[in-house]
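Student: got a structure for you, letters missing:
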DNA sequence: GAGGGTTTTGCAACCGGTTGCAAAACAAAA
DNA sequence: TTTTGTTTTGCAACCGGTTGCAAAACCCTC
């Protein structure tokens, strides 16, 4: 059926070890046998089995990529970057879709069975305990877009969501908004919790500002739109909203426009992420930039480091946020 | 380090075969040893190595999921469905990002190395020859969203893009448009070619209709937007456009609106796909529905069949399209 | 051509499972 | 109790690679 080491060895007239060695770099093979082997391999169309190799070396070059967010368009970019950057390093992403599976147990087991070299959890909604479960199982793990902590138990790469909330609050306060609301993502998401926290605390430290909040069912256009529609059906909207994410913002704006309201004249909106569409002229969303590419790059570097150095101390890598001023915030005197 | 068969066998006081058999269903084990083994496995936290098992059985339960479209939001849904449905069958998606790698050779090699049981190519832009390369390498393959043919050499599941083009043309002709254009996806994509073909032929069979065409750089919002901007900068737009895809449509509409034009009063637009956003009130895109879920479900069933029955004759599964009338087409007397 | 050091090579055991085969254990019938 | 038939069990070989170790081959120098 498939071509094996032995076949190539026989054809080249050398031992199986010789063949193995020509395909593992750093091994000692003479130029002569090397070319004999390469010729034979070429002729037979030999491709070494990664599985068999993994069995003896203990390295599969497989990285479990665990995610539960398949609705936020930003995740297309996330998957694109992860897969591309992993491939560039000769690593293969084994995708795990967590949707509706809140327990890490099953995923841990599955990834253990495939002896993945490491795991990257790409999610802004899962708790650090979720990632911890992978670590406890002995899997090198990095939580991308996860909750940051000064004494992390598990490796995290992302942003400071509390700071993001503060930044949004400052932007709204500076512009003179007095009636301010938070329109968050799902209430159970750590990112929602943290962004709300920073936002609320900053707003609350000011006098004469009216605060209210509500939450969308998920990080998606539809959920943002629906939540804003619900708010509008219950009375006057706030003067300005910090939406927990750009997709929520764009969904909310579409609901506002449908209701005949103007942004930013009637209602101000600030988002978070700075996804590509946010920059379009006809959307032109004022938002907070999350450095997605840098986070992903760093996550991969980190997981590779952990693989090579298992006893490494867990670390948190926090990337800075940047306010992107566009046209969905105005000023109130 | 990790727990193996042997460890469990020793603890349970049985042979290694007995342990193996308790974990492969259909094997002959007495209730007594089974429970002994299960107890020991439980206590040790044993998880059988899929790699080792794959080495002897020849089955990895790995499915290569090959794609090159990481910009079209519809693919988020595609990935979500593929990963979910594969997982439900105990299969694992090994993701391959093709972006910028036009040659199948490398991917074929890589998937061979990991002995994937099968391959699904999820792309509307790649040619049948691309899929063929996987088949030639002996990998069971299904091309999802690929080009259909009456005598397929390789399994395809998708829609009839030529028919889609015809359907769009009919919709525009019926509404009395006389100056009609095609705004396609990348010119090299098979789906672009076929949609254009059906569209052009139908338009051309009519008298007194003015036809023109142009192509966006990729299937993405941005590309659609840019191409429409370019068209507008070169003169009067057509009365109506068939955009090769919903994302192109929405991008094009955003460019039109920016230019102060109204849809459908000034320009009519019809898309293809019926992605979720197309249904929003403030977009309300008239489009042609592509049954994504059915295609994916069927693709998975097909690849599983091919795996179990390697000499199966290749087949083409074509799903019907449906015109979704919303509000981006008007009528011209 | 012998002696010494270095590189290359093959043997054989191992990675963690699976499975055909024959022996052992068990159950039922005589 | 013996015979026959059916399950269950363990042995050992195998899947396709890797790698430590000792022997073989090579290269230089004297």
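Tutor: Sure, I can see it. Fair warning: this is a prediction, and the values are worked out from it, not measured in the lab. Numbering: from 1, shown residues only, chains lettered A, B, ... in the order given.

Student: Who are the contact partners of residue A:150?
Tutor: Residue A:150 makes contact with residue A:316, according to Cβ atoms under 8 Å, 6 or more residues apart in numbering or on different chains. Where you see a C-beta, it was placed from the backbone N, CA and C, and this is true even at glycine.

Student: what's the distance between it and residue B:234?
Tutor: 57 Å (Cβ to Cβ, to the nearest Å).

Student: do residue A:331 as well
Tutor: Noted for residue A:331: a distance of 39 Å to residue B:234, by Cβ to Cβ.

Student: doesn't residue A:71 make contact with residue A:220?
Tutor: Yes. Between residue A:220 and residue A:71 there is a contact under Cβ atoms under 8 Å: 4.0 Å.

Student: okay, and the common contacts of these two?
Tutor: Common neighbours of residue A:220 and residue A:71 (Cβ under 8 Å, 6+ apart) are residue A:247.

Student: For these two, work out which one has more neighbours and name it.
Tutor: residue A:220 (23 against 19; other Cβ atoms under 10 Å in any protein chain shown).

Student: Please enumerate the helices of the stretch 101-250 of chain A.
Tutor: Counting by DSSP state H, counting those that start in this stretch, the stretch 101-250 of chain A has helices at residues A:104-113, A:128-136, A:161-174, A:190-204, A:221-233, A:246-258.

Student: what inclination does the longest one have with respect to helix A:161-174?
Tutor: Translated: helix A:190-204. Counting by axes from the mean of the first three to the mean of the last three Cα atoms, to 10 degrees, helix A:190-204 lies at 40 degrees to helix A:161-174.

Student: who's in contact with whatever residue of the stretch 101-250 of chain A ends up closest to DNA strand D?
Tutor: In the stretch 101-250 of chain A, the residue found nearest to DNA strand D is residue A:115; the distance is 12.5 Å by Cβ to the nearest atom of the strand. By Cβ under 8 Å, 6+ apart, the contact set of residue A:115 is A:54, A:58, A:60, A:62, B:49-51.

Student: hmm, back to that, give me whichever of the helices of the stretch 101-250 of chain A is most buried.
Tutor: Across the helices of the stretch 101-250 of chain A, averaging neighbours per residue (mean count of other Cβ atoms under 10 Å in any protein chain shown) puts helix A:246-258 on top, at a mean of 25.

Student: so how far is that helix off the chain centroid?
Tutor: Computed by Cα atoms, centre = their mean, to the nearest Å, the chain-centroid distance of helix A:246-258 equals 23 Å.

Student: Next: stretch A:325-333.
Tutor: For stretch A:325-333 - counting by Cα atoms, centre = their mean - the centre lies 29 Å from the chain centre.

Student: what do you get for stretch A:130-143?
Tutor: Relative to its chain's centre, stretch A:130-143 lies at 16 Å (Cα atoms, centre = their mean).

Student: any residues touching that stretch, and which ones?
Tutor: Contacts to stretch A:130-143, defined as Cβ under 8 Å, 6+ apart, come from residues A:64, A:104-105, A:107-108, A:111-112, A:116-121, A:123, A:126, A:128, A:146, A:153-158, A:299, A:302-303, A:306-307, A:310, A:314, B:2.

Student: Tell me where the stretch 1-150 of chain A has strands.
Tutor: Remark: strands assigned in the stretch 1-150 of chain A by DSSP state E, counting those that start in this stretch are A:62-67, A:92-97, A:118-122, A:141-144.

Student: Out of the ones you listed, which one sits most buried?
Tutor: Using mean count of other Cβ under 10 Å, strand A:141-144 ranks as the most buried of the strands of the stretch 1-150 of chain A, with a mean of 30.

Student: Name every strand pairing with that strand and say which way it goes.
Tutor: Its sheet considered, strand A:141-144 pairs with strand A:118-122 (parallel), strand A:155-159 (parallel) by DSSP bridges.

Student: Distance to DNA strand C added to these, as a markdown table?
Tutor: Listed next are these as a markdown table, based on distance: least, Cβ to the nearest atom of the strand, whole Å:
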| stretch | distance to DNA strand C |
| --- | --- |
| strand A:118-122 | 18 |
| strand A:155-159 | 25 |
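
Student: between the helices of the stretch 101-250 of chain A, which one is nearest to residue B:279?
Tutor: Residue B:279 sits nearest to helix A:221-233 of all the helices of the stretch 101-250 of chain A, at 9.3 Å, using Cβ to Cβ.

Student: Kindly provide the whole-number mean pLDDT of stretch A:41-55.
Tutor: On average, the pLDDT along stretch A:41-55 is 95.

Student: Any idea how far apart the tips of that stretch sit?
Tutor: 22 Å (Cα to Cα, to the nearest Å).

Student: Equivalent analysis for stretch A:238-252, please.
Tutor: End-to-end distance for stretch A:238-252: 12 Å, by Cα to Cα.

Student: same question for that stretch, mean pLDDT?
Tutor: 96.

Student: Does that stretch reach chain B?
Tutor: No. Applying Cβ under 8 Å from any Cβ of the partner chain, one finds stretch A:238-252 separated from chain B by no less than 8.6 Å.

Student: How far does that stretch sit from its chain's centre?
Tutor: The answer for stretch A:238-252 is 20 Å, by Cα atoms, centre = their mean.

Student: Also stretch A:209-229?
Tutor: 22 Å.

Student: Say whether chain B is contacted by it.
Tutor: Yes. Contact of stretch A:209-229 with chain B (Cβ under 8 Å from any Cβ) involves A:221-222, A:225.

Student: tell me the centre residue of chain A?
Tutor: For chain A, the residue nearest the mean C-alpha position is residue A:122 (3.6 Å; Cα atoms, centre = their mean).

Student: separation between that one and residue B:293?
Tutor: From residue A:122 across to residue B:293, the span is 24 Å (Cβ to Cβ).

Student: angle of the longest helix anywhere in chain A against helix A:128-136?
Tutor: In terms of residue count, the longest helix belonging to chain A (DSSP state H) is helix A:292-308. Computed by the same axes, to 10 degrees, the angle separating helix A:292-308 from helix A:128-136 equals 30 degrees.

Student: The next helix or strand after helix A:292-308 - contacts with which helices or strands?
Tutor: Following helix A:292-308 in sequence order, the next helix or strand is strand A:316-319 (DSSP states H and E). Packing partners of strand A:316-319 (3 or more Cβ pairs under 8 Å, 6 or more residues apart in numbering or on different chains; DSSP states H and E): strand A:155-159, helix A:292-308.

Student: Close to DNA strand C: what parts of chain A are there?
Tutor: Within chain A, the positions near DNA strand C by Cβ under 7 Å from any atom of the strand are A:14-18, A:21, A:28-33, A:52, A:55-56.

Student: restrict the residues you listed to contacts with DNA strand D.
Tutor: Filtering the residues of chain A next to DNA strand C for proximity to DNA strand D by Cβ under 7 Å from any atom of the strand leaves A:16-17, A:21, A:52, A:55-56.

Student: how about these in JSON lines, adding distance to residue B:199?
Tutor: As requested, these are exported to JSON lines (distance: Cβ to Cβ, whole Å):
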{"residue": "A:16", "distance to residue B:199": "58"}
{"residue": "A:17", "distance to residue B:199": "61"}
{"residue": "A:21", "distance to residue B:199": "58"}
{"residue": "A:52", "distance to residue B:199": "51"}
{"residue": "A:55", "distance to residue B:199": "53"}
{"residue": "A:56", "distance to residue B:199": "56"}
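
Student: Farthest pair within those?
Tutor: Taking Cβ to Cβ as the measure, those span a maximum distance of 17.5 Å, between A:21 and A:55.

Student: show me what contacts residue A:43?
Tutor: residue A:11.

Student: what's the distance between it and residue A:7?
Tutor: According to Cβ to Cβ, residue A:43 and residue A:7 sit 10 Å apart.

Student: filter the ones next to DNA strand D among the residues of chain A next to DNA strand C to the buried ones?
Tutor: Buried subset of those (neighbour count, 16 or more other Cβ atoms under 10 Å in any protein chain shown): A:21, A:52, A:55.

Student: Brilliant, that's me finished.
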